[in-house]
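Asks: Have a look at this fold, sequence not included:
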């Protein structure tokens, strides 16, 4: 490190802040040197330089005009159906957004990961490489001001509008990923098999988002390819519920999406090799020249409506007005046709073509709850209700992975929607409690021996960078369902202990600010006598219920004290937006807080966890039928659960969770532990930094800026990390 102009100096700003003295430029590369990006195991997104500034100057209407001109063209490399690419762009957006799942927030169009494997090689995404190729000139024209994620959204939404469909609005500000690593857990992959195995593809259950890995929702041919509408309805409801869609939203999305375009299955020979199998010539198609009238995409063949480039309620009219019978289409798959003389649509390349339905479509007419919806929307009066339901469900589908409305940019952003769980405006800064006064009040509080770091951690670590939900802003940990989760058992006691402080300061102090401040002031700061107090950023507000956390249990409980899987620990800290180094520091800090809570002494914050972990002999004790279910900052001593024990040199018993011992058994994390074991000062600084990062993760001000960090647009936020 003698060469202080080396790019490693920029990395030290994140990996080893205490070593920055060796880098005179405060961790930044010299003027004119390319930017240095630090990539964690999470393969973090990187926003292009000045991205948000450029986005705010983007002429969105000009982009839409260019898209409309493009829709009415046709390129010989992939001819448009009906001389209109708009239906193709609806499919592109649908299949980008449709990968979202609420179990862990993965999937969705943010990141535009369909450009990479595994998503680009999914069966359901056949030939969507052509759609992206067709959009490339527009992407190049607008450069860094228009991410691929935003372009795909604008293309799909503009396509719907150009065909007469209603659009509620457009939230911009997506950051493109550099690879497809964030989709690995969606499958097929080894990590998917460990975290969410599916013995029989087609019968997959949550946390997977689809019943069939490689398809967006479910098999439209029917369960395991069998044309059974009644059973298909179960799969439809199950798959859409995994995206937090109710019955009305489900029918609106299916009916709206299938109002446009057609399926492609011109012959039984198939689509040919995927991009993973043949990157140079993916999805060539084995029916003639493989394009136009010979295209093979899903293997089904035909349009749903007689006007496949016009928005109307014809899809529902066709479902309820005709007798449908199953048959095998030219692509060799089961699909449904009208029994008798069929209405027809214009052929995609000329002529005419009979309408058709898929088993999943027919299932809507057979289900007792879906049927009344489609019957209503098939009427002229019901068409207006369909328009309203579609526009809201579509915006939810397209925007769910963007998090709160405070992350949206652009003139087309509609008001906050219920799925964004909007919070009340925070108390103005001039009317907030003086934080020094609150700290004094906390210091005078009878804590009755409670570790308030546990409450703050369980509140803040609910955050997930995948869809920007969770976090302590809102203080939803006070309500169901969060207050019923095993790891949060007993936290109602902590909240009641803080009630006198809350009552003293009233509306000038939110519960959310109080919970975070109590964790830092009462648990972290007393152990850091030789370090500055943990920084605190106020301005949070309180929600009135816990519905904003309804979908967070799966991701929040990915790591418990009983976890023995390094993969699960990695998944937990990755979804939380942390690096391995930050996670190791936090585990060490949690043990340190717990240790000093049991054995109070005047020592400053230390690396005792790492020396104990690496030098003591640990053995399992406790009832193996009683696993430890607490979170990272739970009590290792005040428990009888199945955990590890050792004896200190002075005879005091020591305890560690099974998850603690993962730091020793996982080679990369152990290497970090080795360093912290010999450098207490660096550990203390990095623990405080990681703690502060988690506490402030949900303080959004646009797509990349955090209210609690430096001023300016281009500030690292969550999954986005800038050197």
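Replies: In hand now; what should we look at? All of these numbers come straight from a predicted model, not from anything done at the bench.

Asks: any low-confidence regions in this protein?
Replies: For the chain, applying pLDDT under 70 flags the ranges 1-44, 527-532, 601-605, 710-723.

Asks: now with 90?
Replies: Residues of the chain meeting the criterion pLDDT under 90: 1-53, 446-451, 521-535, 557, 593-606, 623-624, 638-640, 649-650, 704-705, 709-723.

Asks: what sits up against stretch 110-119?
Replies: 45, 95-96, 99, 120, 125, 128, 132, 147-149, 152, 174-177, 179-180, 182-184, 186-189, 275-276, 401-402, 719 (CB atoms under 8 Å, 6 or more residues apart in numbering). Every C-beta, even on glycine, is put in place using the N, C-alpha and C of the backbone.

Asks: hmm, 6 Å instead?
Replies: 96, 120, 148, 149, 174, 176, 177, 179, 180, 183, 276, 401 (CB atoms under 6 Å, 6 or more residues apart in numbering).

Asks: I only care about those that end up buried; give me the ChimeraX line for that.
Replies: In ChimeraX, this line selects whichever of the contacts of stretch 110-119 come out buried by 16 or more other CB atoms under 10 Å:
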select :96,120,148,149,174,176,177,180,183,401
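
Asks: Which of the contacts of stretch 110-119 sits closest to residue 580?
Replies: Lowest distance from residue 580 to the contacts of stretch 110-119 (CB to CB) belongs to residue 179, with 17.9 Å.

Asks: Against which helices or strands is the host helix or strand of residue 453 packed?
Replies: Counting by DSSP states H and E, the element that carries residue 453 is helix 452-460. Packed against helix 452-460, as judged by 3 or more CB pairs under 6 Å, 6 or more residues apart in numbering; DSSP states H and E, are the following elements: helix 511-519.

Asks: Buried residues of the helix or strand following the helix it packs on, list them for me.
Replies: Using DSSP H and E, the helix or strand that follows helix 511-519 in sequence is helix 553-556. Residues 553, 554, 555, 556 are the ones in helix 553-556 that count as buried (16+ other CB under 10 Å).

Asks: so is residue 202 in a helix, a strand, or just coil?
Replies: coil (DSSP: H, G, I helix; E, B strand; the rest coil).

Asks: list the contacts for the residue lying closest to residue 474 once chain neighbours are set aside?
Replies: Spatial nearest neighbour of residue 474, chain neighbours left out: residue 543 (3.8 Å); criterion: CB to CB, 6 or more residues apart in numbering. Going by CB under 6 Å, 6+ apart, residue 543 touches 423, 474, 476.

Asks: okay, the residues you listed in JSON lines with neighbour count and distance to residue 670 next?
Replies: Shown next, in JSON lines, are the contacts of residue 543 (neighbours: other CB atoms under 10 Å; distance: CB to CB, whole Å):
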{"residue": "423", "neighbour count": "23", "distance to residue 670": "40"}
{"residue": "474", "neighbour count": "29", "distance to residue 670": "37"}
{"residue": "476", "neighbour count": "29", "distance to residue 670": "36"}
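
Asks: helices and strands around the one helix or strand residue 250 maps to, which ones?
Replies: If you go by DSSP H and E, residue 250 is part of helix 247-257. Of the remaining helices and strands, those touching helix 247-257 by 3+ CB pairs under 6 Å, 6+ apart are helix 382-399.

Asks: Now do the helix it packs on: which elements does it pack against?
Replies: Packed next to helix 382-399, using 3+ CB pairs under 6 Å, 6+ apart, are helix 247-257.

Asks: Now do the next helix or strand after the helix it packs on: distance to the chain's middle.
Replies: Toward the C-terminus, helix 247-257 is succeeded by strand 262-263 as the next helix or strand (DSSP H and E). Put simply, strand 262-263 sits 30 Å off its chain's centre (CA atoms, centre = their mean, to the nearest Å).

Asks: Same check on stretch 176-196?
Replies: 12 Å.

Asks: Can you point out the buried residues in that stretch?
Replies: 176-177, 180-187, 189, 192, 195-196.

Asks: Can you give me the end-to-end span of that stretch?
Replies: 26 Å (CA to CA, to the nearest Å).

Asks: Can you name the residues in contact with that stretch?
Replies: Outside stretch 176-196, the residues touching it (CB under 6 Å, 6+ apart) are 43, 45, 106, 111-113, 116-119, 147-149, 207-208, 213, 567.

Asks: And stretch 691-706, by the same measure?
Replies: With CB under 6 Å, 6+ apart as the criterion, stretch 691-706 contacts 47, 52, 173, 404, 406-407, 460-461, 463, 471, 473, 516, 534-535, 537, 577, 707-708, 713, 715, 717, 720.

Asks: Next: stretch 319-332.
Replies: 227, 265, 268, 299-301, 334-339, 357, 362, 365, 374-375, 378.

Asks: And it, what's buried?
Replies: Using 16+ other CB under 10 Å as the test for burial, stretch 319-332 gives 319, 322, 324, 326, 329, 330, 331.

Asks: if we can go back for a sec, could I get the contacts of residue 543 in CSV, plus columns for secondary structure?
Replies: Listed next are those as CSV, based on three-state DSSP:
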residue, secondary structure
423, coil
474, strand
476, helix
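
Asks: Can you tell me which of those is nearest residue 628?
Replies: residue 476 (24.3 Å).

Asks: Check whether the closest one really touches residue 549, as I assumed.
Replies: Yes - in this structure residue 476 lies within contact range of residue 549 using CB atoms under 6 Å: 4.7 Å.

Asks: Now, of the contacts of stretch 691-706, which are buried?
Replies: 47, 52, 173, 404, 406-407, 460-461, 463, 471, 473, 516, 534, 537, 577, 707-708, 713, 715, 717, 720.

Asks: Could you report the distance from the residue most central in space within the chain to residue 560?
Replies: For the chain, residue 466 is the residue whose C-alpha lies nearest the centre (CA atoms, centre = their mean; 2.4 Å). Using CB to CB, to the nearest Å, residue 466 is found at 19 Å from residue 560.

Asks: Endpoints of stretch 200-218, how far apart?
Replies: 13 Å.

Asks: Tell me how far it lies from the chain's centre.
Replies: Taking CA atoms, centre = their mean, the mean C-alpha location of stretch 200-218 is offset from the chain mean by 18 Å.

Asks: And the contacts of it?
Replies: 95, 98, 101, 103-104, 107, 122-124, 187-188, 196, 198, 219, 224, 235, 239, 242, 554.

Asks: related to what we said a few turns ago, find residues that contact each of residue 476 and residue 549.
Replies: residue 482.

Asks: so of the contacts of stretch 110-119, which ones are in helices?
Replies: Counted as lying in helices by DSSP state H, out of the contacts of stretch 110-119, are 96, 148, 149.

Asks: how about the second one, what does it touch?
Replies: By CB under 6 Å, 6+ apart, the contact set of residue 148 is 112, 176.

Asks: which one is residue 260 nearest to, not counting chain neighbours?
Replies: residue 87 (4.1 Å).

Asks: Could you tell me how many residues sit around the one you found?
Replies: 24 (other CB atoms under 10 Å).

Asks: what's the spacing between it and residue 689?
Replies: Residue 87 is 49 Å from residue 689, by CB to CB.

Asks: same thing with residue 257?
Replies: If you go by CB to CB, the gap between residue 257 and residue 689 works out to 45 Å.

Asks: Those two: who's more crowded?
Replies: residue 257 (22 against 15).

Asks: Not counting sequence-adjacent ones, nearest residue to the more buried one?
Replies: residue 94 is the one closest to residue 257 (CB to CB, 6+ apart), at 5.5 Å.

Asks: What's the local residue count around that neighbour?
Replies: Using other CB under 10 Å: residue 94 sits among 21 other residues.

Asks: Helix or strand for the residue nearest to residue 260, just tell me which one.
Replies: helix 86-97.

Asks: Thanks again, I'm all set now.
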